[in-house]
Each structure stands twice: as C-alpha cells, then as structure tokens.
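In: sequence unknown, structure follows:
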C-alpha cells in the first residue's frame, strides 16, 4: 500500500507532503531548534528501514556477510543501490571513487521535494538535509554497525536549488579497519 509508506520509502507526492507538513509544523513552532530533533528522527527512520531490509535479506539468503566484509566500499554501494532498486521511483546515480560511494540526483528532476516546496514554506536545502540525507545516513549506518571497526563518514556534498541543471550529491566515505 503506497500511501502507508513514508520517508524515502514513499514515491508519491501526497505521502511526502504529509511528512513535510510535520517538518514544517515543528519548524514553525520551534524555529531552528527543530532541525537537530528532526535530523535524529530521520536518522532513526533510516536506521530502522536498514535493519528491516537487512533482516529480510538474511531470511532469503540475499545478504553475504563475508562478501560485504571483503569489500565494504562495494558493499555500501550495493546496499544503497538495493534500496533504490527495491523502492523504485526516483533513481539516483550511484558510483564509487576510491573509498567513497557517491549518490547523485541529476538536475533535481526526480526530487519530489521540488513540488513540496511550492506547498510548504521550507527551503530545499533544509528539506533535503533532514528528510533525505539524514535518512540515507541512518540507512547506511544500520549495516555499518554490524562490522566492528568499519566507519562510514557521511557528507552532504551539495544540496541546493541553483537552477534546473543543479545536481544534489552526497558522499559516503568508507574507512575499513
């Protein structure tokens, strides 16, 4: 049932607008104090989704602990790619450079927050940082926590609305023990 999905699991605008209404209400009531609270919420939502997906993959035998441990950079890439493949809808580009996995939404064409901005008075950078980026950070951390010594540094490389050609990019630097 699509309408029951929230966060990055949702692929339709009405579900996203419902979530963003809550973001907007908290920000309207508490101002900038709301951002750290919202970030923790979306980190937890991503983490919860990561654990849920991992348990499903373990039940079907589709997750290999040994394969992930042997190449954690590719493991993070596959982990992210698998989420977007499972979810469908807006598909970012995902690639690896050295020990960093990049996730890029080209020209923001597939970003549902574009439409949401027209109905909610919250800037794209804040929506992206809390709603999408914090969620993705939590999602990757769920699997990283199962490999002691593995650290994944998350960095929002760029998320802004500077014209129709602008890309949103985040990076996950994987530091293996």
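Out: Perfect, I can see it now. These figures come from a predicted structure and were not determined experimentally.
In: and the helix or strand containing residue 139, average pLDDT?
Out: Using DSSP states H and E, the element containing residue 139 is helix 135-144. The average of the pLDDT scores along helix 135-144 is 92.
In: hmm, who's touching that helix?
Out: Residues outside helix 135-144 that contact it (CB atoms under 8 Å, 6 or more residues apart in numbering): 7-8, 42-51, 54, 68, 72, 75-76, 79-80, 83, 103, 150-152, 154, 170, 172. In short, each C-beta sits where N, CA and C put it, glycine included.
In: and those residues, which of them are buried?
Out: 7-8, 42-43, 45-47, 49-51, 68, 72, 75-76, 79-80, 83, 103, 150, 152, 154, 170, 172 (16 or more other CB atoms under 10 Å).
In: just these: which are in strands?
Out: 103, 152, 154, 170, 172 (DSSP state E).
In: just send these back as CSV, with distance to residue 141 and pLDDT too.
Out: Output for these, formatted as CSV (distance: CB to CB, whole Å; pLDDT from 0 to 100):
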residue, distance to residue 141, pLDDT
103, 14, 88
152, 7, 95
154, 8, 89
170, 13, 87
172, 10, 94
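In: which parts of the chain are helices?
Out: Using DSSP state H, the helices of the chain run over 13-30, 34-60, 65-70, 72-87, 113-119, 124-127, 135-144.
In: the ones you listed into JSON lines, with extra columns for distance to residue 98?
Out: JSON lines is the format used below for the helices of the chain (distance: least, CB to CB, whole Å):
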{"stretch": "helix 13-30", "distance to residue 98": "33"}
{"stretch": "helix 34-60", "distance to residue 98": "24"}
{"stretch": "helix 65-70", "distance to residue 98": "17"}
{"stretch": "helix 72-87", "distance to residue 98": "8"}
{"stretch": "helix 113-119", "distance to residue 98": "30"}
{"stretch": "helix 124-127", "distance to residue 98": "27"}
{"stretch": "helix 135-144", "distance to residue 98": "17"}
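In: pick the most buried one from these.
Out: When you average the neighbours per residue for each of these (mean count of other CB atoms under 10 Å), helix 135-144 leads with a mean of 22.
In: can you give the distance of that helix from its chain's centre?
Out: With CA atoms, centre = their mean, to the nearest Å as the basis, helix 135-144 stands 8 Å off its chain's centre.
In: go on, stretch 36-50?
Out: 10 Å.
In: pull the residues that contact it.
Out: With CB under 8 Å, 6+ apart as the criterion, stretch 36-50 contacts 6-9, 23, 26-27, 30, 83, 129-131, 134-143.
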